[in-house]
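S.K.: Just the structure for this:
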Amino acid sequence: MKINNYFLNLLHFIKTNKNKLLLFLFFFYVLILTIIPYNDSNNIKQYEKLDFPELVDRGYLNAIVEHNSMSFFVHNGRLMGLQYDLLNYISKRWNLKINQIVVNDLSEALSLVAFDTIDILTSEITILPNRYPCLEFSVPLYKTKMVLVLYDSINPSSKIKNFSELNIESLQNKSIAVPSMSIFINYLNKLKDSLKINFSIRELSEEPESILDSVMNKKIYATVMDEKILIVNTPLLLNTSSYYLPYPSFDIGWAFSCHQPILRDSINELLLYLKKNGILNFLLNKYQKPIYINQSNQLTAHSKRTKKLTPYDKILKKYGKEYGIDWRLVAALIYSESKFNVNAISSKGAFGIIQIMPATADIYGITAQSSIDEQIKVSFKILDNYKITLKQFFKHEKDLYKAMIASYNLGLGHILDAINLAIKYDGEIYNWEHVSKWLLNKAQKKYYSDPIVRNGYCNGRLTVYFVNIVYDTYENYVQLI
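M.R.: All right, here's what the predicted structure looks like:
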């Protein structure tokens, strides 16, 4: 009975003091929120960095790479470059798989290596103390200078001039584009203040060579580049003039998180070993030189009178008939690759008259000692394999041949990616020029990350250029014979 009376009294109290109780509960709730810290594990991203012993046990490293014509590129369908070779030394030294991740936005790359899933940033990054929170650097790999590159169709020059030769007024009210978060921004601001010149600085989430292309095409007035990368691009320069900025050289290296000191020290030890034994210097000499592109379509050892293009016309005609490919196309390709020099060996390792890479040569069973007949036959075999796959996409032989040349230079996978992008976004394929536009688009994250793309990032600018050179030579051959 007493218990029943207690509940009745409690109900009566609640009924008569309902508003006061609600107010009390509200303030109690606020007090709890104030005392107890809020932690939403779904919204707070945390990543525990592993140091080198744990990474070795894990079996792989995540490395950000920057694809350009010096550090990371595709040649004859094979990856190579300064940073690529250095990462291979790491892979072999510790039996580690290297996951190569392309991040063109430098601010994103710095954040990923300092606090997230990336272990090494191998992009050409300037070594500066306190450049970014929790970021540490490798020993310097090389020194370089900053170069201002301007659009110049009146007095273009591939030679890098002294800054004193620049007409300062040409920068007035112009825009200079540079990669976002690059150190070039600070130096351009210093330059602006010292010269009392008004120009704007435009930050782009693009790689330096892509910005350089925009300068050459008059989409952008000027950019600032690493001297070494500009020198590599010398044969491609068009409508530009270049000037050293009036600042000292600076060191280029790799970046690590401050949470991975053992990784940093281990990599530095290997880099110092490569320096001491001349291996790093060998790689720098190999990759920091102008791209070799045989730009001449001058015809050798032939004339209309002799009806002869090359010393190997009989072999070319034989396999041209066997594989149904115009032998003059293969002659143009070989001329662009080696000038018919049977002993040619490129700095990239390609050998022979067809400049085949060793890994591809192994697939087709030839060596540097194989006969000219065998080497030329392999070039036809390779092109025929591409032809079988590509002919369904192109109505005209001209476009098919250009796509075959591109595949020979870059690898079939990237060309098929460009074709699939063209079909997805444009609904159909018009010609090679249409596909080449999508090949160039594969340098943009939006497209190389597209689910339809199977071979990832690709900078196709050199391949597009190579295709034009080879096909121009082919057309000259056709007119001659």
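S.K.: Could you pull out the helices in the stretch 201-350 of the chain for me?
M.R.: With helices called from DSSP state H, counting those that start in this stretch, the stretch 201-350 of the chain shows them at 208-216, 227-232, 261-276, 279-287, 313-323, 327-338.
S.K.: now the angle between helix 261-276 and the fourth one, please.
M.R.: Inter-element angle recorded for helix 279-287 and helix 261-276: 70 degrees (by axes from the mean of the first three to the mean of the last three Cα atoms, to 10 degrees).
S.K.: Quick one: residues in contact with helix 279-287.
M.R.: With Cβ atoms under 8 Å, 6 or more residues apart in numbering as the test, helix 279-287 has contacts from 70-71, 81-82, 85-86, 89, 141-142, 232, 271, 274-275, 347-348. No exception for glycine: its C-beta is placed from N, CA and C like everyone else's.
S.K.: what's near enough to touch the most centrally placed residue in the chain?
M.R.: Central residue of the chain (Cα atoms, centre = their mean): His67, 1.7 Å from the mean position. Applying Cβ under 8 Å, 6+ apart, we find His67 in contact with Phe73, Val102, Glu207, Ala443, Tyr457, Cys458, Asn459.
S.K.: same question, Pro133
M.R.: So Pro133 contacts Ala114 (Cβ under 8 Å, 6+ apart).
S.K.: how deep is Pro451 tucked in, by neighbour count?
M.R.: 6 (other Cβ atoms under 10 Å).
S.K.: Then Gln479?
M.R.: Neighbours around Gln479, by other Cβ under 10 Å: 8.
S.K.: Specify the local secondary structure of it.
M.R.: Under DSSP: H, G, I helix; E, B strand; the rest coil, the three-state class of Gln479 is helix.
S.K.: Relative to Asp326, how far out is it?
M.R.: 13 Å (Cβ to Cβ, to the nearest Å).
S.K.: try Ala332
M.R.: Between Ala332 and Asp326 the distance is 9 Å, computed by Cβ to Cβ.
S.K.: Need the overlap of contacts for the two.
M.R.: Shared contacts of Ala332 and Asp326, counting by Cβ under 8 Å, 6+ apart, come down to Tyr474.
S.K.: In terms of neighbours, single out the busier of the two.
M.R.: Neighbours were counted for Ala332 and for Asp326 using other Cβ under 10 Å; Ala332 has more, 26 against 15.
S.K.: List the contacts of that one.
M.R.: Per Cβ under 8 Å, 6+ apart, neighbours of Ala332: Val470, Tyr471, Thr473, Tyr474, Tyr477.
S.K.: and what of Ala109?
M.R.: By Cβ under 8 Å, 6+ apart, Ala109 lies in contact with Ile64, Val103, Ile118, Leu121, Ser123.
S.K.: okay, now the closest residue to it other than its chain neighbours: neighbour count?
M.R.: Once flanking residues are discounted, Ala109 sits nearest to Val103: 4.4 Å by Cβ to Cβ, 6 or more residues apart in numbering. When counting by other Cβ under 10 Å, one arrives at 21 neighbours for Val103.
S.K.: Among the contacts of helix 279-287, which ones are in strands?
M.R.: Tyr142 (DSSP state E).
S.K.: So among the contacts of helix 279-287, which ones count as buried?
M.R.: With burial judged by 16 or more other Cβ atoms under 10 Å, the buried subset of the contacts of helix 279-287 is 70-71, 81-82, 85-86, 89, 141-142, 232, 271, 274, 348.
S.K.: For these, which two are the farthest from each other?
M.R.: Greatest spacing in the buried ones among the contacts of helix 279-287, by Cβ to Cβ: Leu271 and Lys348 (22.2 Å).
S.K.: Walking through the stretch 1-150 of the chain, point out its strands one by one.
M.R.: Secondary structure of the stretch 1-150 of the chain (DSSP state E, counting those that start in this stretch): strands located at 60-65, 73-75, 78-80, 97-102, 120-126, 135-137, 142-144, 146-151.
S.K.: re the thing from before, lowest pLDDT pick from the contacts of helix 279-287?
M.R.: Among these, Ser347 carries the weakest pLDDT, at 70.
S.K.: Check the contact between that residue and Lys289; I expect there is one.
M.R.: Yes. At 7.1 Å, Ser347 and Lys289 qualify as touching, with contact defined as Cβ atoms under 8 Å.
S.K.: ok, now how distant is Ile211 from Ser170?
M.R.: For Ile211, the distance to Ser170 equals 18 Å [Cβ to Cβ].
S.K.: of those two, who's got more company?
M.R.: More crowded of Ile211 and Ser170, by other Cβ under 10 Å: Ile211, with 22 against 15.
S.K.: For the residue nearest to the more buried one when sequence neighbours are not counted, give me its contacts.
M.R.: Once flanking residues are discounted, Ile211 sits nearest to Thr223: 4.6 Å by Cβ to Cβ, 6+ apart. Shown in contact with Thr223 (Cβ under 8 Å, 6+ apart): Leu148, Val149, Ile176, Ala177, Val178, Pro208, Ile211, Leu212, Ser214, Val215.
S.K.: So which of those residues is the closest to Ser407?
M.R.: Leu212 (25.4 Å).
S.K.: what about the closest one, neighbour count?
M.R.: Here the number of neighbours of Leu212 (other Cβ under 10 Å) works out to 24.
S.K.: So it versus Ile363, what's the distance?
M.R.: As defined by Cβ to Cβ, Leu212 lies at a distance of 35 Å from Ile363.
S.K.: same thing with Tyr132?
M.R.: Taking Cβ to Cβ as the measure, Tyr132 and Ile363 are separated by 44 Å.
S.K.: and the residue lying closest to Leu61 once chain neighbours are set aside, how many neighbours?
M.R.: The shortest distance from Leu61 to any non-neighbouring residue, by Cβ to Cβ, 6+ apart, is to Asp119 (4.7 Å). Residues near Asp119, counting by other Cβ under 10 Å, number 25.
S.K.: Now for Ile415: which residues touch it?
M.R.: Per Cβ under 8 Å, 6+ apart, neighbours of Ile415: Leu390, Ala403, Ala406, Ser407, Val435, Leu439.
S.K.: just curious, which of the contacts of helix 279-287 is nearest to Lys321?
M.R.: Set against Lys321, the nearest of the contacts of helix 279-287 by Cβ to Cβ is Lys348 (31.8 Å).
S.K.: which residues are in contact with stretch 437-445?
M.R.: The contact list for stretch 437-445 (Cβ under 8 Å, 6+ apart) reads 67, 102, 104, 207, 210, 406, 410, 414-415, 417-419, 421-422, 425, 447-448, 453, 457-461, 463-464.
S.K.: Just the buried residues from these, in PyMOL please.
M.R.: Listed next is the PyMOL selection for buried residues among the contacts of stretch 437-445, using 16+ other Cβ under 10 Å:
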select buried, resi 67+102+104+207+210+406+410+414+415+417+418+419+421+422+447+448+453+457+458+459+460+461+463+464
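S.K.: just checking, which of the contacts of stretch 437-445 belong to strands?
M.R.: Counting by DSSP E, the part of those found in strands is Val102.
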